[in-house]
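Visitor: need a structure here:
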Amino acid sequence: MRTTNSKLRFIAVALMSTLSAMMACHKDMLKLESSIAQLQKKAATFDSANEVSLLPAADAYVQDGANASTNYGDNSWLIAKDDASGYRRDIYLRFDLTALPSNITSVQSVRIELAGGVASAADTANAKWLYYTTLEKDWGEKTINWNNAPATGEKLGEINGKLKVTNGIVYFDIPVSVLQAALDSDRKLSIKIVAQRKITGSTSFYSDFQSKEAQDVGLRPKLKINYTASVSNFYDNLVMDKISFDSIKLDLTTSSAAQTLINNQVTVKANDALNAIPTPVAKISDPDGKNKVQTDAAKVYSLALQYFLFQEQSNAGQYVDKAKEFLLSWATINVAISQTPDESIYLPFFTGYSLIRAKIDANSRTTIDNWLHTRYNFYKTQSVRTNNWETIRNLLMIDIAYILNDGTLINQATSDFSTHHNKNYRADGASVDFLGRDAFAYHVYDMEFMGQIGRTLYIKRGRATVDSLVNHRATKWVNLRINSNDSPVLGGSIADAVSFMSPYVMDPANNIHLEFVNTEWAPDKTRADYNKPFNAAGSSYAFVQMAAIMKNEMFGFLRKLNPSFTRYTDLRYYINSFGPSLSASTAANVTLYGDTPFRGWYKQLSVGNYSLTDLQGLGIANDQLSSISVPNGFKVTLYENGDFTGNSVLLTGHAIDLSILNFNDKTSSLVVEHL
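Guide: Numbering: from 1, shown residues only. Below is the predicted model of the structure:
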């Protein structure tokens, strides 16, 4: 086993990848049965009756026999027919439920409406339509045929056939529980419609309907949902989702602690800002530039949040007007020039703007949008790095892209973040910043912005995004500080980064890390905290932001640092605390590494017994294991001999360098088990 002691250095590496699993997620819909009651308790709003009509995302029919491999997805009609073999036809429709309004509180009815009678009338007296869910929902409209059509799922009902009338409507009622199940899973409703004769030997049952390609838009298939909706002042922004908004509004009517927090941290500051004069600077490097950016950005955020939370009040407009005044004064002269984390102090400008953008005039919006777009272009052209500046750059670009609602910018910004996220954590959770600066102070600093990225993606992409973001393991981690020519290996996740730091927060007496001792940046050695133990008490600024994606874990940290900490102690935590809680990690494999720390070749193993012969069959040579990552819920026993004998070591819930256990390059067999 050899390690390289080459000088530590950063190398900009463009390793493009995607977060397809994470970015494919859509914003959570309200659970129309299980969660509606909870939301009704939270929402300080009233309900109104509504109906929404959705066109299919895909529709087609299929035919058996000689045409079993033919696709009819381009046709402007759909056919369901019960006939002899070779002439049968079934209809498939799929609806995308992500288009449903976010303010649904309860559903009264769901049905599909098909307009029939495209061709000549046929005898339908002895026929009916049966309709079902499908087990697989991602069939392609332009590829589906009889041979590859999805399997039939639950029967939803049957409808007696009727004499065909041109453009007559047939109604297929869908149980609300079926809609709920779709919303709880993938937000897709896929339906199969089958024609069936009641009496064998009667005239074949031929029925046709208009498809979504029909020329007359009004005759295309529809999924109609009647529902009640909460009437709310909520609209999209980068600070909170609707559940958080409604929860805070209710909290303000029932909790004196909430009233005190919002009054002191929002209303008082917003009222002070009403009397302030903007102090824009052209560049952050101008005299007192950083202080002026921070001061005015904070004022914009307070003004905007005050309006957003209390827009129903008669004087609310003054807060929008003042925030707009500040934003326009900065948009007129300010430009981005900094290539350092200092740019993060502009973030309250952006998040504040997201809270009022929908409420200002078009000309002002254009001016401010142009300012943000110019800043985005600056951030886009900056060189890619592998430290906290890259996380901040990603956050700035993602926030601006979503504020402008520009699909091209969103794809570009999230792709850049994917690249960075895929090389930011070693298997044990050590971040690039920790390895470079040898300090938890920078490990935490990076987390501050990871939390804010997570909040934006949750608000815009949905609940499942949080789990994917936090548990996603870096796929292209390279320890550039040891060997710049190393091949990328599987690294760790945000969850691992939190676990890596946790002992130093929760049990500092027995876990001491002297900060910056082996830093790669010489000026660190002049810091006041150089060679001093990591002081977690100064990290709450990051923990309150990380609460957006790891609420329970961060609350534990904050209570450890301040036993009197509550939801109402910090405004940032308060807003984030109404967001989602993290689900359990889905990690299901142990990862072996050939070098230390967590580099070289790597293999993933599931539960099982692996003799020397088994390991060699997987390409793992004898006595070549140096590091190992063991997910929570697993245990691994390493044996010195190839037949599970000799000296052994038991590992549970660790990502560990085996040289620490004096078991480096000594493994000849191993057992992976569930705890």
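
Visitor: Centre of the chain to stretch 227-245, how far?
Guide: The offset between the C-alpha centroid of stretch 227-245 and the centroid of the whole chain comes to 18 Å, using Cα atoms, centre = their mean, to the nearest Å.

Visitor: before we move on, what about stretch 372-385?
Guide: A distance of 23 Å separates the centroid of the chain from that of stretch 372-385, by Cα atoms, centre = their mean.

Visitor: pLDDT below threshold where in the stretch 101-250 of the chain?
Guide: Along the stretch 101-250 of the chain, the parts satisfying pLDDT under 70 run over 101-103, 117-125, 163-164, 230-231.

Visitor: and with 90 instead?
Guide: With pLDDT under 90 as the threshold, the stretch 101-250 of the chain has low-confidence stretches at 101-108, 116-127, 160-169, 180-187, 197-208, 215-218, 226-233, 246, 250.

Visitor: check which helix or strand covers Ala149.
Guide: Secondary-structure element containing Ala149, defined by DSSP states H and E: none, the residue being outside all helices and strands.

Visitor: helices or strands up against the longest strand along the chain?
Guide: Of all the elements of type strand in the chain, the one with the most residues (DSSP state E) is strand 104-115. Applying 3 or more Cβ pairs under 8 Å, 6 or more residues apart in numbering; DSSP states H and E, one finds that strand 104-115 makes contact with helix 36-42, strand 169-173, helix 176-184, strand 205-210, strand 222-231. For every residue, glycine as well, the C-beta is placed using N, CA and C.

Visitor: Pull out the buried positions in stretch 148-158.
Guide: Residues of stretch 148-158 classed as buried under the neighbour-count rule (16 or more other Cβ atoms under 10 Å) are 149-150, 153, 156.

Visitor: contacting residues around it?
Guide: When contacts are taken as Cβ atoms under 8 Å, 6 or more residues apart in numbering, the neighbours of stretch 148-158 outside the stretch itself are 62, 90, 92, 128-137, 139, 172-175, 178, 190-192, 196.

Visitor: ok, now with 7 Å
Guide: Under the criterion Cβ atoms under 7 Å, 6 or more residues apart in numbering, residues 62, 92, 128-136, 139, 173-175, 178, 190, 192 lie in contact with stretch 148-158.

Visitor: residue ranges for the helices of the stretch 401-550 of the chain, please.
Guide: For the stretch 401-550 of the chain, the helices defined by DSSP state H, counting those that start in this stretch cover 407-421, 432-437, 440-461, 463-471, 494-506, 540-546.

Visitor: Same question for the stretch 1-150 of the chain.
Guide: Counting by DSSP H, counting those that start in this stretch, the stretch 1-150 of the chain forms helices over residues 20-23, 36-42, given from the N-terminal end onward.

Visitor: mean pLDDT for those: which is lowest?
Guide: When mean pLDDT is averaged over each of these, helix 36-42 scores lowest at a mean of 32.

Visitor: List the buried residues for stretch 381-391?
Guide: Of all the residues in stretch 381-391, those buried under the rule 16+ other Cβ under 10 Å are 382, 385-391.

Visitor: residue at max distance from the center of this protein?
Guide: Within the chain, Gly201 marks the point farthest from the mean C-alpha position, 54.8 Å out by Cα atoms, centre = their mean.

Visitor: what helix or strand does that residue sit in?
Guide: In the assignment (DSSP H and E), Gly201 maps to no helix and no strand.

Visitor: if we can go back for a sec, could I get the buried residue list for the longest strand of the chain?
Guide: Within strand 104-115, the residues that count as buried by 16+ other Cβ under 10 Å are 104-107, 110, 112-115.

Visitor: among the residues you listed, which two are most distant?
Guide: Greatest spacing in those, by Cβ to Cβ: Thr105 and Ala115 (30.5 Å).

Visitor: circling back to that earlier point, right, so the helices and strands packed on strand 104-115: which one is the most enclosed?
Guide: Neighbour counts averaged per stretch over the helices and strands packed on strand 104-115 are highest for strand 205-210, at a mean of 24; criterion: mean count of other Cβ atoms under 10 Å.

Visitor: I figured Thr519 was touching Ala441, is that so?
Guide: No. At 10.6 Å, Thr519 and Ala441 do not qualify as touching, with contact defined as Cβ atoms under 7 Å.

Visitor: who has more neighbours, the two?
Guide: In this comparison of Thr519 against Ala441, neighbours counted by other Cβ atoms under 10 Å, the higher total goes to Ala441 at 22 against 18.

Visitor: Tell me who's in contact with that one.
Guide: 515, 529, 534.

Visitor: Could I get the residues you listed in TSV, plus columns for pLDDT?
Guide: Rendered in TSV, the data for the contacts of Ala441 read as follows (pLDDT from 0 to 100):
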residue	pLDDT
Glu515	98
Asp529	96
Phe534	97
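
Visitor: Of the residues you listed, select the buried ones using a PyMOL command.
Guide: Only the buried members of these end up in this PyMOL selection, burial being decided by 16+ other Cβ under 10 Å:
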select buried, resi 515+534
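
Visitor: low pLDDT regions in the stretch 501-650 of the chain?
Guide: Low-confidence regions of the stretch 501-650 of the chain, defined here as pLDDT under 90, cover residues 579-588, 596, 631-633.

Visitor: Give me the pLDDT value at the one residue sitting closest to the centre of the chain.
Guide: Here the mean C-alpha position of the chain is nearest to the C-alpha of Thr465 (Cα atoms, centre = their mean), at a distance of 2.0 Å. Turning to Thr465, the model gives it a pLDDT of 89.

Visitor: I'd assumed Ile277 was in contact with Asp296.
Guide: No. Applying Cβ under 7 Å as the test, Asp296 and Ile277 come out as separate, 9.7 Å apart.
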